[in-house]
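Student: Prediction below, plus the sequence it came from.
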Amino acid sequence: MKIAQIMAGAANGGAELFYERMTVGLKESGQDVLPIIRSHPNRLTYLQKAGLAPVTARFGGPLDLFTKPKLRTALQNFKADIAIAWMSRAASFLPKGDWVTAGRLGGYYDLKYFRTCEHLIGNTRGITQWITAQGVPASNVHYLPNFVDDFATAEPAARAELGVPEDAQLLLGLGRLHPVKGFDVLIKAAASLPDVYCVIAGEGPERARLDSLITQLGVADRVKLLGWRNDSGALLKAADIFVSSSRHEPLGNMVLEAFAAQTPVLAAKSEGPGEVIRNGADGILVPIDDVAALADAAKTMLSDVRLRIKLALAARQRFVNEFSQATVTAAWLEFLHKVRR
């Protein structure tokens, strides 16, 4: 099958990284895949090393008159069976043709950008339910989850390199430093837990404000911002608990990565984590924006090794059954064969 994967995303981000994994995963399953992307050097290199030949386009604003014709030509030359647009910007440029058109949503996007898409894909059941509530026929809406890398054999990051004592209890946050991620809540919760360390890997516009908060709370010795990292598996393996403190999180790939790493998960009950995590079975959920609840739950988990082991083992099984590359790729292939003309 000839599948075009179209994305105009940023250089980094959860959706962008999954686009890369899914595109390569489809190729590894024996499909003929054409990536069409905005030109980001690292993404181009990653896809080319996997044996793919990406086409690049500008994906500009409303005055960009060149991207849509370029996409049409690329799809015609490729003889695409299906063209999948990832997120709003790519979908707004998706041309109709002899190919089936689909849009993949990793959030609650404005559906006006997906007008040329015959099928819509959501990576949570909550998103697919929201799409059908907007009037899209249920037969044209499909749930296809994300998969993440398997971190079962990842080596833990060296705690000394993180500035964390070997015998300290460690909380980990991962993600862009943005108000929506709620890292201020995590920092305040960690500050209330004596002797507990917390590291947050990510970069973004909240950096200065979070640095100021850490200084204000007097916890710079045990709460650290690591910057952008490419070793989430190693960080998860080094942590006692992964914490998702997001105020809004359509899915939360990092929760799935923690499942894969067999690291216990504590999460604010935003959309994605609230759907994925079975509270008390494979993770712990607390109310959004509740510093005291987050701190209390972390304290309970850190003081109960049997609870952490139980949660981690159940989460690992969820990863194998629902969020591994083999399971998710099989679901995608079933969908693609179902909708192709």
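Tutor: Ah, there it is.

Student: The stretch 151-300 of the chain: strands as residue ranges?
Tutor: 169-174, 196-201, 223-227, 241-244, 265-268, 284-286 (DSSP state E, counting those that start in this stretch).

Student: possible to save those strands as JSON lines with mean pLDDT and distance to Met87?
Tutor: Every residue, glycine included, has its C-beta placed from N, CA and C. Converted to JSON lines, the strands of the stretch 151-300 of the chain look like this (pLDDT from 0 to 100; distance: least, C-beta to C-beta, whole Å):
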{"stretch": "strand 169-174", "mean pLDDT": "98", "distance to Met87": "21"}
{"stretch": "strand 196-201", "mean pLDDT": "98", "distance to Met87": "23"}
{"stretch": "strand 223-227", "mean pLDDT": "97", "distance to Met87": "25"}
{"stretch": "strand 241-244", "mean pLDDT": "98", "distance to Met87": "21"}
{"stretch": "strand 265-268", "mean pLDDT": "98", "distance to Met87": "24"}
{"stretch": "strand 284-286", "mean pLDDT": "98", "distance to Met87": "27"}
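
Student: Mind putting those into TSV with distance to Leu256 and mean neighbour count?
Tutor: Shown next, in TSV, are the strands of the stretch 151-300 of the chain (distance: least, C-beta to C-beta, whole Å; neighbours: other C-beta atoms under 10 Å):
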stretch	distance to Leu256	mean neighbour count
strand 169-174	11	24
strand 196-201	16	24
strand 223-227	20	18
strand 241-244	11	27
strand 265-268	10	28
strand 284-286	15	22
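
Student: so which of the ones you listed comes closest to Gly30?
Tutor: Shortest distance between Gly30 and the strands of the stretch 151-300 of the chain, using C-beta to C-beta, is found for strand 169-174: 32.6 Å.

Student: quick check: angle from that closest one to strand 196-201?
Tutor: Per axes from the mean of the first three to the mean of the last three C-alpha atoms, to 10 degrees, the angle that strand 169-174 makes with strand 196-201 is 20 degrees.

Student: what packs against strand 169-174?
Tutor: Contacts defined by 3 or more C-beta pairs under 8 Å, 6 or more residues apart in numbering; DSSP states H and E place strand 169-174 against helix 183-191, strand 196-201, helix 232-238, strand 241-244.

Student: Let's have those in TSV, adding distance to Arg318.
Tutor: Formatted as TSV, the helices and strands packed on strand 169-174 follow (distance: least, C-beta to C-beta, whole Å):
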stretch	distance to Arg318
helix 183-191	23
strand 196-201	23
helix 232-238	15
strand 241-244	14
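
Student: Let me see the mean pLDDT of stretch 157-167.
Tutor: Across stretch 157-167, the average pLDDT comes to 96.

Student: in that stretch, what's buried?
Tutor: When burial is assessed from 16 or more other C-beta atoms under 10 Å, stretch 157-167 yields the following buried residues: Ala157, Arg159, Leu162, Val164.

Student: repeat for stretch 119-127
Tutor: Buried, per 16+ other C-beta under 10 Å, within stretch 119-127: His119, Leu120, Ile121, Gly122, Asn123, Thr124, Gly126, Ile127.

Student: go on, stretch 136-154?
Tutor: In terms of neighbour count (16+ other C-beta under 10 Å), stretch 136-154 has its buried residues at 136, 141-151, 154.
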